[in-house]
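1. coordinates for the following, if possible.
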Amino acid sequence: MTLMADIQQPMVVATGLTKSFGSLQVLRGIDLQIMKAEVVSIMGASGAGKTTLLQILGTLDRPTSGSVFIDGVDTLALKNMQLAQFRNSKIGFVFQFHQLLPEFTALENVMLPALIGGVPRHQAEQRAAELLDFLNLSNRTDHKPSELSGGEKQRAAIARALVNNPAVVFADEPSGNLDSHNADELQSLFSSLRERFGQTFVIVTHDARLAERCDRMVVIKDGAVYAD
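-> Coordinates of the predicted model:
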């Protein structure tokens, strides 16, 4: 259950983010605050800097300048091993192309981040099974990705992102590889997950329907926040 008091606390705070690749400046001083249990979409034209911003917020890349705090932690101050541990325990990722490992079943794919984090196998398996059941995949746990539909693969990927009970989930074009029916289901799913598990969701998307159903829509233009 989401409490209003939680929503008033910041989960992600980015200040003065810039990012340059040589002479190309992709981000131009972005300030952004995302509250706990908030579902925020990030939109903008191709090349606006959305994915670069998401990668920096998700600690997969470093900015040229600026700061990123997640759940009160200065992520840019963490050394490599500390950052890997923080990312595994605090952050979940959902990608456009599910990135499930083909040789493992749905259950095994969902368990992996928990096992990497040192969770005992029986606990990881129980948590993964609970999530797959919540996502209506309890009858597909022993199926490999090649045996799942597009929507089922994406739901399994979402379960994997949630298995360590992260503080925040970053999703990069999660509906981009889905048909309209599965995209509509995904839109409802993020809200249901927030209500059930209390996670913060940050979603980069071109899907206006998905963006409009989020709590907030942030528009990026030419590497800066154009509208919020």
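
2. now do the SS call for the spatially most central residue of the chain.
-> For the chain, the residue nearest the mean C-alpha position is Phe170 (1.8 Å; C-alpha atoms, centre = their mean). Following DSSP: H, G, I helix; E, B strand; the rest coil, the label given to Phe170 is strand.

3. wait, Arg87 sits on Ile70?
-> No. Arg87 lies out of contact with Ile70 (C-beta atoms under 8 Å); the separation is 9.4 Å. Glycine gets a C-beta too; all of them are placed from N, C-alpha and C.

4. so what sits against both of the two?
-> Thr59 (C-beta atoms under 8 Å, 6 or more residues apart in numbering).

5. confirm Arg28 sits in a strand?
-> Yes. Counting by three-state DSSP, Arg28 is located in a strand.

6. residues touching it, list them.
-> 18, 222-224.

7. shaky segments in this structure?
-> 1-8, 176-179, 181-184 (pLDDT under 70).

8. and the strands in it?
-> In the chain, the segments counted as strands under DSSP state E are 10-21, 24-35, 39-43, 65-70, 73-74, 91-95, 168-172, 200-204, 216-221, 224-227.

9. out of those strands, nearest to Gln55?
-> Gln55 lies closest to strand 168-172 among these, at 8.3 Å (C-beta to C-beta).

10. sheet-wise, list the partners of that closest one with their directions.
-> Based on DSSP bridges, the pairing partners of strand 168-172 within the sheet are strand 91-95 (parallel), strand 200-204 (parallel).

11. what's the most buried one of these?
-> strand 200-204 (a mean of 25; mean count of other C-beta atoms under 10 Å).

12. contact partners of that strand?
-> Outside strand 200-204, the residues touching it (C-beta under 8 Å, 6+ apart) are 11-12, 34-43, 50-51, 53-54, 57, 167-174, 190, 193-194, 210-211, 214.

13. picking up where we left off before, okay if I get the strands paired with strand 168-172 as CSV plus distance to Ala77?
-> Compiled in CSV, the strands paired with strand 168-172 are given as follows (distance: least, C-beta to C-beta, whole Å):
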stretch, distance to Ala77
strand 91-95, 16
strand 200-204, 21
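
14. name the residues that touch the top helix by length along the chain?
-> When the chain is parsed with DSSP state H, its longest helix is helix 180-197. Helix 180-197 has contacts (C-beta under 8 Å, 6+ apart) with 1-2, 37, 39, 134-135, 149-151, 154-155, 158, 162, 165, 171, 174-175, 178, 199-201, 203, 207, 209-210, 213-214.

15. how about a cut-off of 7 Å?
-> 2, 37, 39, 134, 150-151, 154, 162, 174-175, 178, 199, 201, 207, 209-210, 213 (C-beta atoms under 7 Å, 6 or more residues apart in numbering).

16. check stretch 158-172 too.
-> So stretch 158-172 is contacted by 11-12, 51, 54, 57-58, 70-71, 88-96, 109-114, 117, 127-128, 131-132, 135, 197, 199-204 (C-beta under 7 Å, 6+ apart).
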